[in-house]
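1. Below is the sequence, then the predicted model.
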Amino acid sequence: MDPRTPIIVGVGQVNGASEANEPIDLITIAVERAQADTGGARLPIDLVALAKIGTRQYFNAPQLVADRIGAPKARTLQASHGGHTSQVVLAHAAAEISAGLSNAVVIAGGELGSGIKKGLDGTDGALPSQPNPPDTALGDDLSQWLFLGHEVELGIAAPIMLYPVMETALGSALGRSRGEHLQEISSMWARFSEVASTNEHAAHPEIYSAEEIKTAGPGNRYVGYPYTKLMNSDQFVDQGAAILMCSVGLATNLGISRDRWIFPHASVTAHAPFVSERWTLHDIPVLKRAAAFMEQLVERPLNDIEVVDLYACFPFAVQAQASALGLPLEAKLTETGGMRFAGGPWNNYGTHMIANLVTRLREDPDAMGICSTNGGFATRFNLTTYSGQPAANGFRSLPAPITDTSPRRTLNTRPEGTGTIEGYTVLHDRSNSPVQGIAACLLADRTRGWAKISNDADVREMLANDPIGKTVAFDGNEARLT
């Protein structure tokens, strides 16, 4: 075996820590646990790479971690925002190890979400003075892929708004009634809660039934219909996770036991358009292309892979990934439990997924696992495969992300006349009262326009009867059902 073959040799996770005062504390604990997970080996870390921290602002968080773990001379890498980035960073590290540019790498992240509930804005407290930024920045500016100007101006560029719009469009495209579709996704989410109940690092390990998940009421209000609170990611968690990677040669020299080794096999990244520009709201064609490329790299159907973990911020994201990979919703689609139940630590859930996949594959080293991570509004994805056995051709990845080549909608920022609803949500306040409808509409010229519906009678009609296929009349910044 090539001594430069990249492998994962240690994983560590933490959920809640009374001694943690900032995210860096949680990350340090996770790295220490990952080091112990190797069997006690102390790797000569030469690259520290972090997921973007959302609950506190740092100038150079990777350097703070490097200093804490005794690797102050290590190069530093800071990923941009996005739940997909943990595996993008892992692929970057694997390529560096394969090329001899790195020997031992920390990939980590952490969030102190409880600070948000306490009213802290992430800038409280004195931060250490740091003269230099991270050596490498990985990722794009959010305006390039996440925040489309008109969506921001309308105030709809938020996951709790756009994901349920895509969800209702999907249910309609599948030919289901609202009740049928709600039952399907609630049952899937209940299975995720069952997995979280077995995850020792889960924030909420309780098991919920489909009925409990889909029924709105005290403690489980609608956020954006049809999603109740139990269908939304929980970002108010205190969690950290870390992955240790190195070369086979270094692991051998350090005496790290072979049963600790997990081999990344292949990695594919895909970029979808802004939600407003997608030809249909219920489908992600570029993700299906990414899955096809991955099948070529691993030379087997993805629906034949034994261990699966799909990014689970909202039910729509899971369904889109499962569809692309050819997996039925009844299959076991998570090893982690989803971001509602296991916890949704901003951009770092993917690192927890990798850690759980590694643990599972150590139990069955002949199996292959696939982890699919998602960033934005089902906008960016990474598929990476792993196994306890080495890949026949070594670690492989595409030289660049796969980009969407399907037809795109033109967004009409000042729609006039009428439009037909293709997807919608109804936003609720904290008392579970409906306050506003948001609908994506197809116009007569096949462009798309967004409708904000504030009339109380219209909003309640949207809840009483499925509005997809119905007509709205635009009047400036408002719209009415006709």
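-> Yes, it's here. Residues are numbered from 1 along each chain as shown.
2. which ones are touching the residue lying closest to G82 once chain neighbours are set aside?
-> Of all residues not flanking G82 in the chain, G375 sits nearest, at 2.9 Å (CB to CB, 6 or more residues apart in numbering). (Each C-beta comes from the backbone N, C-alpha and C, glycine too.) Going by CB atoms under 8 Å, 6 or more residues apart in numbering, G375 touches H81, G82, G83, H84, T85, L146, N347, F381.
3. same deal with C246?
-> P6, I7, V9, L43, I97, N103, A104, V105, L254.
4. Is the residue nearest to Y222 when sequence neighbours are not counted bridged to anything, and to what?
-> Nearest residue to Y222, sequence neighbours excluded (CB to CB, 6+ apart): H428, at 4.2 Å. Beta bridges link H428 to P434, judged by DSSP bridges.
5. H428: neighbour count?
-> By other CB atoms under 10 Å, the residues close to H428 number 22.
6. again with K452
-> So K452, with other CB under 10 Å, has 16 neighbours.
7. F474 versus that one, what's the distance?
-> The gap separating K452 from F474 is 10 Å, by CB to CB, to the nearest Å.
8. what domains does the record give for this protein?
-> Domain ranges of the chain: 6-145+235-254, 418-481, per automatic domain parsing.
9. quick one, strands of the stretch 251-400 of the chain?
-> For the stretch 251-400 of the chain, the strands defined by DSSP state E, counting those that start in this stretch cover 263-271, 307-310, 368-375, 380-387, 396-397.
10. The first one pairs with which strands?
-> Strand pairing for strand 263-271, determined by DSSP bridges: strand 380-387 (antiparallel), strand 396-397 (parallel), strand 402-403 (parallel).
11. Could you report the pLDDT at the residue nearest to H84 when sequence neighbours are not counted?
-> Excluding the flanking residues, the one nearest H84 by CB to CB, 6+ apart is G375, at 3.8 Å. You'll see G375 listed with a pLDDT of 98.
12. Tell me which of the strands of the stretch 251-400 of the chain sits nearest to S197.
-> strand 307-310 (16.0 Å; CB to CB).
13. these two touch, right, M353 and G369?
-> No. The pair M353 / G369 is not scored as a contact, 10.0 Å apart, by CB atoms under 8 Å.
14. right, and the helix or strand after the helix or strand of the chain with the lowest mean pLDDT?
-> Every helix and strand of the chain was ranked by mean pLDDT, DSSP states H and E. The lowest is helix 114-117, at a mean of 80. Proceeding N to C from helix 114-117, the next assigned helix or strand is strand 136-138, under DSSP states H and E.
15. and the closest residue to T379 other than its chain neighbours, what are its phi and psi?
-> Nearest in space to T379, with sequence neighbours left out and distances taken as CB to CB, 6+ apart, is A272 at 5.1 Å. According to degrees, to the nearest 10, the main-chain angles of A272 amount to phi -100, psi 160.
16. can you give me the helices for the stretch 101-250 of the chain?
-> With DSSP state H, counting those that start in this stretch as the criterion, the stretch 101-250 of the chain has helices at 114-117, 149-154, 159-173, 178-196, 210-214, 248-254.
17. on that earlier part again, any idea which of the strands paired with strand 263-271 gets closest to V358?
-> It's strand 380-387; of these, that one is closest to V358 (CB to CB) at 7.1 Å.
18. May I have that closest one as CSV, with CA atoms only?
-> In CSV, the C-alpha atoms belonging to strand 380-387 read as follows (Å, rounded to 0.1, in the frame of the first residue of the first chain):
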residue,chain,number,x,y,z
ARG,A,380,-24.3,22.7,-2.2
PHE,A,381,-23.6,19.1,-1.6
ASN,A,382,-20.6,16.8,-1.0
LEU,A,383,-20.7,13.0,-1.3
THR,A,384,-17.8,11.1,0.2
THR,A,385,-17.4,7.3,0.6
TYR,A,386,-15.4,5.5,3.3
SER,A,387,-14.4,2.0,4.2
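19. now it: how far from the chain's centre is it?
-> Strand 380-387 sits 12 Å away from the centroid of its parent chain (CA atoms, centre = their mean, to the nearest Å).
20. what's the answer for stretch 468-481, then?
-> Relative to its chain's centre, stretch 468-481 lies at 33 Å (CA atoms, centre = their mean).
21. quick revisit: which one (most neighbours) among the contacts of C246?
-> Tallying neighbours with other CB under 10 Å puts V105 at the head of the contacts of C246, with 29 neighbours.
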